[in-house]
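Trainee: Got a predicted model here, sequence first, then my questions.
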Amino acid sequence: MGALQALVLFLILRQACNIMAEDDELKTWMSATATYTKEAQGSIIVEGACGYGDLHKASYGKYSAGLSTMLFNRGSTCGACFELRCVDHILWCLPGSPSVILTATDFCPPNYGLSSDYGGWCNFPKEHFEMSEAAFGEIAEKRADIVPVQYRRVKCMRIGGLRFTVSGSAHFYQVLVTNVGLDGEVIGVKVKGSRTGWIPMARNWGQIWQSNVNLTRQPLSFEVTTNSRRTLTSYNVAPANWQFGQTYEGKQF
């Protein structure tokens with residue numbers, strides 16, 4: 001075997017090992033706690049810290065969660081999926097330990113005026129999930145105020161392609177990226193008009209990305225990179241007559 005062939009084989013094997021390691025990490029159960037908040041239509045805060053707006057329109061709905069500081073990671077975890085199950089509480093956990101899969105959509109702020117075991121459940125370094133009442137009721141009795149849970153990262157299963165919601169103005173262009181499959185956690189976005197090259201966008205907050213380039217009257221393409229370093233390019237997602245406030249659909253991972 002030649003040196004080039006050996007190098008190619010080594011790179012293929014290393015990539016396979018990285019994927020296996022990632023899958024193993026996704027399967028690891030970790031300990032945390034969970035509570036719920038009562039909101040209309042079974043979802044949690046409509047305007048959460050990830051920028052998704054109406055969680056039902058964003059397709060996350062009642063299966064949404066606010067994460068404590070330790071898990072939220074300054075917003076980079078927005079869009080990630082977690083499987084939760086209630087454990088080690090014979091009074092509050094439902095029989096059979098059923099689980100739910102949630103999307104990270106909001107931040108659960110700390111309250112250092114309360115102890116971390118009584119009210120300050122999102123205090124650093126606690127790992128805590130604030131769920132919708134409806135989702136909480138699928139794993140535990142709603143009479144409970146807080147329950148011990150186990151959680152693990154899982155791949156996000158989405159229907160349809162990535163969604164790009166455009167906002168801003170001619171010289172301050174923003175896009176909200178939603179409905180992201182696989183690890184769901186976007187770490188990089190680039191945009192391209194018909195008269196530009198690829199332009200890296202900066203994270204504004206949550207999963208809202210921004211650019212100061214005027215992209216009006218140009219069809220738009222997007223390149224999205226997730227936390228697992230997978231990159232997906234969707235060409236000409238928005239037509240040349242795209243409008244602010246509209247949502248356009250691209251490919252899916």
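Mentor: Thanks, I have it.
Trainee: Residue 32 versus residue 125, what's the distance?
Mentor: Distance from residue 125 to residue 32, counting by C-beta to C-beta, to the nearest Å: 11 Å. C-beta coordinates here come from the backbone N, C-alpha and C atoms, glycine included.
Trainee: Mind checking which of the two has more residues around it?
Mentor: Neighbour comparison, residue 125 and residue 32: the larger count goes to residue 32, with 21 against 9 (by other C-beta atoms under 10 Å).
Trainee: Residue 74 in helix, strand or coil?
Mentor: Here residue 74 takes the helix state, with states given by DSSP: H, G, I helix; E, B strand; the rest coil.
Trainee: can you map out the helices along the stretch 51-200 of the chain?
Mentor: Listed in chain order, the helices of the stretch 51-200 of the chain (DSSP state H, counting those that start in this stretch) span 69-72, 133-136.
Trainee: Just the CA trace of the first one, in PDB.
Mentor: Included here for helix 69-72 are C-alpha records, laid out as PDB according to Å, rounded to 0.1, in the frame of the first residue of the first chain:
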ATOM      1  CA  THR A  69     -26.600  28.100  33.000                       C
ATOM      2  CA  MET A  70     -24.600  25.000  33.100                       C
ATOM      3  CA  LEU A  71     -26.500  23.400  30.200                       C
ATOM      4  CA  PHE A  72     -27.400  26.600  28.300                       C
END
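Trainee: Buried ones in that helix, by neighbour count?
Mentor: Buried residues in helix 69-72, counted by 16 or more other C-beta atoms under 10 Å: 69, 71, 72.
Trainee: Look up how far residue 139 lies from the last one.
Mentor: In this case it means residue 72. 21 Å.
Trainee: about what we covered before: out of the helices of the stretch 51-200 of the chain, which comes closest to residue 215?
Mentor: Distance to residue 215, taken as C-beta to C-beta, is lowest for helix 69-72 among those, at 30.2 Å.
Trainee: Return the mean pLDDT over that closest one, rounded to an integer.
Mentor: Throughout helix 69-72, pLDDT has a mean value of 95.
Trainee: With distance to residue 98 as added columns, please give the helices of the stretch 51-200 of the chain in TSV.
Mentor: Shown next, in TSV, are those (distance: least, C-beta to C-beta, whole Å):
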stretch	distance to residue 98
helix 69-72	22
helix 133-136	11
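Trainee: on that earlier part again, any idea which of the buried residues of helix 69-72 is closest to residue 214?
Mentor: For those, the nearest to residue 214 is residue 72 (33.1 Å; C-beta to C-beta).
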